[in-house]
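Engineer: Next input, structure requested:
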Amino acid sequence: MTRLGAHAAVVGGSIAGLMAARVLSEFFEQVTIFERDQLEDRPVIHKSTPQGNHVHALLYGGEQIISEFFPGFGAELEQLGAIRWRAGRDAVWYRADGKSYSLTGSIREPRDLGFGGHVMSRGLLEYLLRKRTLELANVRLEQGAIVEALAHRDGSVTGLRVGPDGATREVPADLVIDAGGRGSRAPRWLGEMGFAPPEVTTIEVDFAYTSTRFRKPADAPQVEPIILFGAPPPNVRGGGLFEIENGVWHVSLAGRFGDYPPTDPDGFMEFARSLPSPALYELIRDAERIADISQHRFPSSILRHYERMPRFPARFLLVGDAICSFNPVYGQGMTSAGLQARVLQTLLRERAERSAALEDLASAYFARAADVIATPWTLAANFDFAYPQTRGERPPGMEQGARYFLALDALQVQDPEVQRLVVEVFQLMRPLSALWQPPLSNRVLALMQGNDA
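Structural biologist: Numbers count the residues shown, from 1 in each chain. The predicted model follows:
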């Protein structure tokens, strides 16, 4: 396959940045990841990832993509202690009315839906992904590297200006990917080049979670991932317990609109006891806490519409939270970044096969990235706007969509194949449009009409 350039640069060694680097390694002679932190060669959280101390869920769609990039990745996770789960069977939701096997609470008995992934700490996932990425012969990581600006000429990015401490040097690159996260400096850099900033859609969710870890008691059985949320709108509290590597229970408590879980031990336990079901509290009340209690607040989901910009510099793209920062309660961010990396791979492969230039890459990339972001953004927005306190731009057709999903939920109780499709969409294995296609849509609409009669 034709190489597309001598050097590609990635801003940020996050999960999004590592997946982008893996893709770029196929098409450029050398790839450099510029990471501002100093990273330890073990499964720990680095300081630029404040959300890393909280429960993380790698959706199965994301694990599929990573396994495409790195064959055998799931087996390696398991060797390092990650816990396997099966969709429809090994994750349970608790509400005041009891235990269920679906987000809505409607499915009361487990069903093995034929696929599953792994549960692990964010530190373990990032460690293994970084290890596999840096095993590629043409990928290198530069740590303690602060990217100050983009180098550019005639509306095209030509590289990076990299610090630190004022000792800035220019690094040439044929393509630059910004994986700098929610705090990406791209809007400022674009302004410095004479480009307008992107339009932004914001949903004010006012969400916070408080987390710690407990040693799993020696006599405790393996526990399925537990997700515990009261039905909105009156209930804004929730929590989750995931068993991760090394016999540890990772627990996150969550709240919205100022009702945040406390960070002191007594307050943490009292908040857990107050949840609509006692299931989580009863597991941890006598367990040994082995980590500090940390809190992370998330004020708003942000979607930057780079696909709408009439002008954008050549040879510069963004990936992950630098484009779209999701409410973390739904666990979509890492998988969304993987979907964007797959889009990038497809477009670069097309250009390599045609020996085409990179100048028009941005318009095609941002359009396709917007398409794959639409599913997780819409799913999250629909749940967030179930709370009347949520402020922001509502997706079109929400009311009709809510009625459709009520009927769809009734169908999945009756039909395991419908449940499997619903779960595949929520695990970002398929687009949301899969739920609106015949013959399923005909069944849903018929049920809606029957309910209206």
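Engineer: Show me the helices in the stretch 51-200 of the chain, by range?
Structural biologist: For the stretch 51-200 of the chain, helices defined by DSSP state H, counting those that start in this stretch occupy the ranges 60-69, 73-79, 122-134, 186-192.
Engineer: which intervals of this structure have sub-threshold pLDDT?
Structural biologist: Residues of the chain meeting the criterion pLDDT under 70: 1, 50, 165-166, 452-453.
Engineer: how much space between Pro395 and Met334?
Structural biologist: To Met334, Pro395 is 22 Å away according to C-beta to C-beta, to the nearest Å. Where you see a C-beta, it was placed from the backbone N, CA and C, and this is true even at glycine.
Engineer: go on, Leu129?
Structural biologist: Leu129 is 10 Å from Met334, by C-beta to C-beta.
Engineer: Looking at these two, which is more packed in?
Structural biologist: Taking other C-beta atoms under 10 Å, Leu129 and Met334 do not tie; Met334 has more neighbours (28 against 24).
Engineer: That one and Ile15 touch, don't they?
Structural biologist: Yes: counting by C-beta atoms under 8 Å, Met334 touches Ile15, with 5.2 Å between them.
Engineer: what touches both of these two?
Structural biologist: Residues touching both Met334 and Ile15 by C-beta atoms under 8 Å, 6 or more residues apart in numbering: Leu125.
Engineer: what about Gly267, which helix or strand?
Structural biologist: Gly267 belongs to helix 265-273 when elements are defined using DSSP states H and E.
Engineer: In terms of secondary structure, what does the very next helix or strand once past that helix contact?
Structural biologist: Per DSSP H and E, the first helix or strand lying C-terminal to helix 265-273 is helix 279-284. Judged by 3 or more C-beta pairs under 8 Å, 6 or more residues apart in numbering; DSSP states H and E, helix 279-284 is in contact with strand 226-229, strand 238-244, strand 248-256, helix 265-273.
Engineer: Mind doing that once more with 6 Å?
Structural biologist: Packing partners of helix 279-284 (3 or more C-beta pairs under 6 Å, 6 or more residues apart in numbering; DSSP states H and E): helix 265-273.
Engineer: Now the helix it packs on: buried residues?
Structural biologist: 268-269, 271-272 (16 or more other C-beta atoms under 10 Å).
Engineer: could you dump these to a markdown table with distance to Ala402?
Structural biologist: Output for the buried residues of helix 265-273, formatted as a markdown table (distance: C-beta to C-beta, whole Å):
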| residue | distance to Ala402 |
| --- | --- |
| Phe268 | 34 |
| Met269 | 36 |
| Phe271 | 29 |
| Ala272 | 30 |
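Engineer: what about Ser48, how many residues close to it?
Structural biologist: 16.
Engineer: Distance from the chain centre to stretch 327-346, please.
Structural biologist: 6 Å (C-alpha atoms, centre = their mean, to the nearest Å).
Engineer: Next, the buried residues of it.
Structural biologist: 327-345.
Engineer: Mind splitting the protein into its structural domains?
Structural biologist: Segmentation of the chain into domains, based on automatic domain parsing, reads 5-49+57-68+123-196+309-382, 82-119+202-299, 396-452.
Engineer: Contacts for stretch 321-341 next, please.
Structural biologist: Contacts to stretch 321-341, defined as C-beta atoms under 6 Å, 6 or more residues apart in numbering, come from residues 15-16, 19-20, 23, 57-59, 61-62, 65, 178, 180-182, 184, 205, 207, 298, 301-304, 319-320, 369, 372-373, 376, 380, 428.
Engineer: nope, stretch 418-434 is what I meant
Structural biologist: Taking C-beta under 6 Å, 6+ apart as the rule, stretch 418-434 contacts 59-61, 87, 113, 335, 375, 378, 411-412, 435.
Engineer: can you put these in TSV and add distance to Val139?
Structural biologist: Listed next are these as TSV, based on distance: C-beta to C-beta, whole Å:
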residue	distance to Val139
Leu59	25
Tyr60	26
Gly61	24
Ala87	32
Leu113	36
Thr335	22
Thr375	29
Thr378	34
Leu411	46
Gln412	42
Leu435	38
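Engineer: tell me which of the residues you listed is nearest to Ala75?
Structural biologist: The closest of the contacts of stretch 418-434 to Ala75 turns out to be Tyr60 (C-beta to C-beta; 15.3 Å).
Engineer: okay, now the closest one: neighbour count?
Structural biologist: Residues near Tyr60, counting by other C-beta under 10 Å: 21.
Engineer: wait, doesn't it sit right on Gly117?
Structural biologist: Yes: judged on C-beta atoms under 6 Å, Tyr60 makes contact with Gly117 at a distance of 4.5 Å.
Engineer: hey, C-alpha coordinates of stretch 196-215 in PDB?
Structural biologist: The C-alpha atoms that make up stretch 196-215 are tabulated as PDB, following Å, rounded to 0.1, in the frame of the first residue of the first chain:
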ATOM      1  CA  ALA A 196     -13.600  30.800  12.600                       C
ATOM      2  CA  PRO A 197     -14.400  28.500  15.500                       C
ATOM      3  CA  PRO A 198     -16.800  25.600  15.100                       C
ATOM      4  CA  GLU A 199     -20.500  25.800  16.100                       C
ATOM      5  CA  VAL A 200     -21.000  24.100  19.400                       C
ATOM      6  CA  THR A 201     -24.000  22.200  20.800                       C
ATOM      7  CA  THR A 202     -24.100  22.000  24.600                       C
ATOM      8  CA  ILE A 203     -26.300  19.900  26.900                       C
ATOM      9  CA  GLU A 204     -26.000  21.000  30.600                       C
ATOM     10  CA  VAL A 205     -26.300  17.800  32.500                       C
ATOM     11  CA  ASP A 206     -24.700  19.000  35.800                       C
ATOM     12  CA  PHE A 207     -23.400  15.500  36.700                       C
ATOM     13  CA  ALA A 208     -20.900  14.300  39.200                       C
ATOM     14  CA  TYR A 209     -19.600  11.000  40.400                       C
ATOM     15  CA  THR A 210     -17.600  10.000  43.500                       C
ATOM     16  CA  SER A 211     -15.600   6.800  43.500                       C
ATOM     17  CA  THR A 212     -13.400   4.500  45.400                       C
ATOM     18  CA  ARG A 213     -12.300   0.900  45.500                       C
ATOM     19  CA  PHE A 214     -12.900  -2.000  48.000                       C
ATOM     20  CA  ARG A 215     -11.200  -5.300  48.400                       C
END
